[in-house]
Every structure is written in structure tokens, then in C-alpha cells.
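Colleague: The following comprises the amino acid sequence and a computationally predicted model.
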Amino acid sequence: MTHDAIIVGGGIVGCAIAERLARAGLAVCLLERDVLGGAATAASMGHLVVLDDDTAELSLSAYSCARWRELAPQLPATAEYRRTGTLWIARDAAEMDEAARKRERLASAGVDGELVSPAQLALLEPALAPGLAGGLRVVADAVVYPPVAAAWLARRAVAAGAQVRCGVEVRAIGDGDVLLADGGRLRARHVIVANGCAVPELLAGVPVRKRKGHLLITTRAQPAVNHQLVELGYMQSAHGGDGESVAFNVQPRPTGQLLLGSTRQFDDLGCGVAPRLLRRLVARAQEFLPALERMTALRAWTGFRPTTPDHRPLIGAWPARPGVWLACGHEGLGVTTALGTADLLAAQLLDLPLPFDARPYAPARFAPDAELAHAG
């Protein structure tokens with residue numbers, strides 16, 4: 001049997017693509033070597049937040065968050081979708097100026113934001129430290145539990161006729177087929193590689209690099225937090241250089257627990273938790289939420305974000321290999337942008353009108369000469 005599309009990787013991005021293409025009537029086969037949503041998807045915070053570090057990021061995240069809002073009424077309760085909103089916290093007047101600029105950038109994409117004064121901030125989030133300058137409140141942002149959302153998208157794909165196969169490892173991508181670890185081959189007109197940090201294992205030259213991060217979740221009865229709280233310097237930290245970085249990002253969970261993030265580092269490819277970085281993460285959070293000094297940590301874990309040199313994902317055809325498409329490199333925004341990625345890829349593959357400009361995410365911007373030689 002020849003499929004219309006084989007999708008390699010069953011994280012939330014791969015599941016979203018499978019669901020979108022199956023609904024379009026394609027014969028789809030999704031292959032996951034472990035369990036659905038078990039790698040970067042399971043390790044993530046699950047925020048659905050519009051980011052505006054550049055116009056491309058703004059377009060993709062704003063579109064995707066709108067799509068999540070459309071789907072929200074259909075999500076199962078176990079997906080824990082909640083519109084918590086985001087409060088971007090300013091520590092001083094300079095950061096309040098940035099909050100005002102951020103509001104204007106978000107407004108350009110149809111996203112409403114409200115500047116809040118120090119007094120308003122204290123009313124919205126009484127547990128925050130005194131002396132903060134205010135912030136920006138974006139009420140439409142939300143959170144979701146990513147593994148459940150990914151599995152739900154996969155079930156929708158199956159209901160639309162897709163095959164989903166877990167425990168199946170792809171060893172190589174050929175011309176119009178994929179070679180499996182058990183020696184079998186599956187044929188398809190299109191092969192979509194959406195396996196996050198593992199993309200370079202199958203396609204040499206794709207510039208996806210692992211970036212490790214730590215998260216920590218508390219026990220219940222921690223300081224009450226109503227919104228997702230993020231410091232305004234978060235994106236500068238996230239898109240910094242090769243060194244380690246720690247930024248304040250706290251998310252309230254329906255259980256009464258708090259999820260604390262986040263750290264970033266390139267120099268450690270091990271899965272172990274680094275106590276040194278956890279101490280920095282907690283210390284940073286306590287600067288904004290002093291009551292966390294009495295915090296009891298329940299669990300800490302690490303995961304790897306697939307990042308690209310320009311911090312934009314790769315969404316579209318890989319010109320070095322005809323018939324091969326990429327949907328990877330989302331770094332910390334894979335959950336937020338999964339639905340937008342699926343719609344943009346489907347539009348290109350099916351020659352439909354694009355939901356927004358695809359050029360900033362085109363993999364061709366990184367197509368290396370060595371891979372182009374293979375295509376010739």
C-alpha cells in the first residue's frame with residue numbers, strides 16, 4: 001500500500017498534522033517510535049501564549065492560539081484547557097515601556113492586551129513581590145495538558161481514517177519510502193518529518209539542535225496564582241546565546257500546584273536534573289513570588305527543545321529531498337504552534353491558500369549543499 005503521507009514523530013506537532021491531513025481526505029500513517037506525546041510534548045509546560053519576538057513568531061503563535069480557542073469546547077476535560085491569561089511582569093520603568101511596545105505589537109495581530117499599574121498588579125496577583133512596576137495582561141492566553149491534547153488529536157486522525165502506529169522506529173528515509181528498524185518499508189507520496197530533536201538522525205544537514213530545560217512542580221497549597229506569570233525579559237533569555245539562562249515563568253495548575261520554569265542550556269545532553277540550575281530556577285521565582293520560600297517541590301524533570309539557528313521553526317518542503325517535508329525546530333513553542341504548523345504545512349502540501357506567510361519558516365533557508373547534491 002502507498003500512503004498519501006507518512007508522518008514521522010508522534011509528538012503534538014505530528015499528531016496535529018495527522019489530524020489535519022486525515023480530515024482533508026489523505027491516506028495518512030503516523031509513526032511514533034515510543035508513545036504519543038512522550039518526548040518534548042510530555043516535558044513541556046503546555047502554555048498557549050502569543051509571542052512577538054519577531055513578526056513571524058507573532059503570526060504563527062497568534063493564528064495557532066486562535067485555533068486552540070476554536071477547538072477548546074471539544075477538548076476532553078483531562079486536557080485541562082483553561083484560559084488563565086498571561087501577566088507579563090515589569091520590574092522597572094524601562095520594562096513598562098517594553099510592555100507598552102509589546103501591547104502595540106500584539107494589537108497588530110488582533111491580540112488584546114491591557115497595561116496594568118502596580119496597584120492593579122497587586123490586586124490581580126496578591127502573592128507577587130511588592131515594588132514591581134506593573135505589567136501587561138493578555139487575557140486570551142491559555143494552558144493545556146500536552147500529552148492528553150496530543151493523544152486526542154491522534155484519535156481524531158484515526159476517526160478520519162488515519163493509521164497511527166506506536167513502537168515503530170524509522171531508520172532511514174528513501175525516495176518515496178521509509179525504512180523501518182525491523183527491515184520493513186512503507187511507501188508514501190509525501191514523508192513529513194516531525195520528530196523534534198531527532199530530525200538530524202534521519203536528515204543530515206537539518207540544523208536542529210537540542211536545548212535542555214528544567215521544570216519543577218510544587219505540592220498543593222502553594223501561593224495562590226491566578227494567571228500564567230512571565231517576566232518581560234523572558235524572550236531575551238530564551239533566545240540568548242549558547243550560555244545557560246534562567247527566566248521566571250510560573251503556571252497555576254488546576255490541582256492547586258504551581259509549575260515553575262524555566263532554564264535553557266546547550267552544553268548538557270544528559271537527561272539528569274542539575275541541582276545547581278534548579279536552585280537558580282527557584283531563586284529567580286522567589287524574586288517575584290517571595291512566598292515560594294516555603295515551597296515544597298514535588299518533582300523536577302528535564303526535556304529537550306529542538307531549536308534552529310534563527311529560533312524559527314522549519315515548516316515546509318526540504319528542497320534537498322523531493323517529497324520530504326519538515327515540521328520541526330519549534331523550540332519551546334511546539335504546543336502553542338502545533339495547530340498553526342499543521343494548517344500551514346497542509347496548505348503547502350495540498351496547494352491551498354496559505355493561512356499566513358510561509359516564507360519565514362521555509363526549510364530552504366538552511367538547505368545545505370551536501371544534501372542538495374543528494375537530491376541531484
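Modeller: In hand now; what should we look at?

Colleague: buried ones in the one helix or strand A56 maps to?
Modeller: In this structure, A56 sits in helix 55-71 according to DSSP states H and E. Within helix 55-71, the residues scored as buried using 16 or more other CB atoms under 10 Å are 56-68, 71. Yep, even glycine has a C-beta here, placed from its N, CA and C like the rest.

Colleague: Determine the set of other helices and strands touching that helix.
Modeller: Packed against helix 55-71, as judged by 3 or more CB pairs under 8 Å, 6 or more residues apart in numbering; DSSP states H and E, are the following elements: strand 47-48, helix 93-108, strand 142-143, helix 334-349.

Colleague: residues in contact with the helix or strand immediately after it in the chain?
Modeller: Using DSSP H and E, the helix or strand that follows helix 55-71 towards the C-terminus is strand 86-90. Strand 86-90 is contacted from outside by 47, 49, 96, 98-99, 102, 116, 121, 124-125, 128, 132-138, 141, 227-232, 234, 248, 288, using CB atoms under 8 Å, 6 or more residues apart in numbering.

Colleague: Distance from the chain centre to stretch 164-183, please.
Modeller: Remark: stretch 164-183 is offset 25 Å from the chain centroid, using CA atoms, centre = their mean, to the nearest Å.

Colleague: That stretch: end-to-end distance?
Modeller: 19 Å (CA to CA, to the nearest Å).

Colleague: Do me a favour and average the pLDDT over the helix holding A56.
Modeller: Helix 55-71 carries an average pLDDT of 97.

Colleague: Helix, strand, or coil at A327?
Modeller: Under DSSP: H, G, I helix; E, B strand; the rest coil, the three-state class of A327 is strand.

Colleague: Then G25?
Modeller: For G25, the assignment made with three-state DSSP gives coil.

Colleague: pretty sure V178 is in contact with H190, am I right?
Modeller: No: V178 is beyond contact range of H190, at 11.2 Å (criterion: CB atoms under 8 Å).

Colleague: what about the chain, any weak spots by pLDDT?
Modeller: 235-242, 368-376 (pLDDT under 70).

Colleague: can you give me the helices in it?
Modeller: 12-23, 40-43, 55-71, 93-108, 118-124, 146-159, 199-202, 234-238, 275-288, 334-349, 369-375 (DSSP state H).

Colleague: quick one: which of the ones you listed is nearest A77?
Modeller: helix 146-159 (9.4 Å; CB to CB).

Colleague: Can you give me the neighbour number for G174?
Modeller: By other CB atoms under 10 Å, 13 other residues sit near G174.

Colleague: That one and A188 touch, don't they?
Modeller: No: at 10.3 Å, G174 and A188 do not qualify as touching, with contact defined as CB under 8 Å.

Colleague: tell me the most buried of the helices of the chain?
Modeller: helix 12-23 (a mean of 29; mean count of other CB atoms under 10 Å).

Colleague: and the closest residue to G340 other than its chain neighbours, how far is that from W88?
Modeller: Computed as CB to CB, 6 or more residues apart in numbering, the closest residue to G340 that is not its neighbour in sequence is S64, at 3.3 Å. Relative to W88, S64 is positioned 19 Å away (CB to CB, to the nearest Å).

Colleague: Repeat that for D141.
Modeller: In terms of CB to CB, D141 sits 10 Å off from W88.

Colleague: More neighbours: which of the two?
Modeller: W88 (29 against 26).

Colleague: Without its sequence neighbours, what residue ends up closest to the more buried one?
Modeller: L136 (4.3 Å).

Colleague: give the contact list for the residue nearest to A149 when sequence neighbours are not counted.
Modeller: Leaving aside its sequence neighbours, A149 sits nearest to A79 (CB to CB, 6+ apart; 4.9 Å). By CB under 8 Å, 6+ apart, the contact set of A79 is 144-145, 148-149, 152.

Colleague: Give me the neighbour count for D351.
Modeller: As a burial measure, D351 scores 6 neighbours (other CB under 10 Å).
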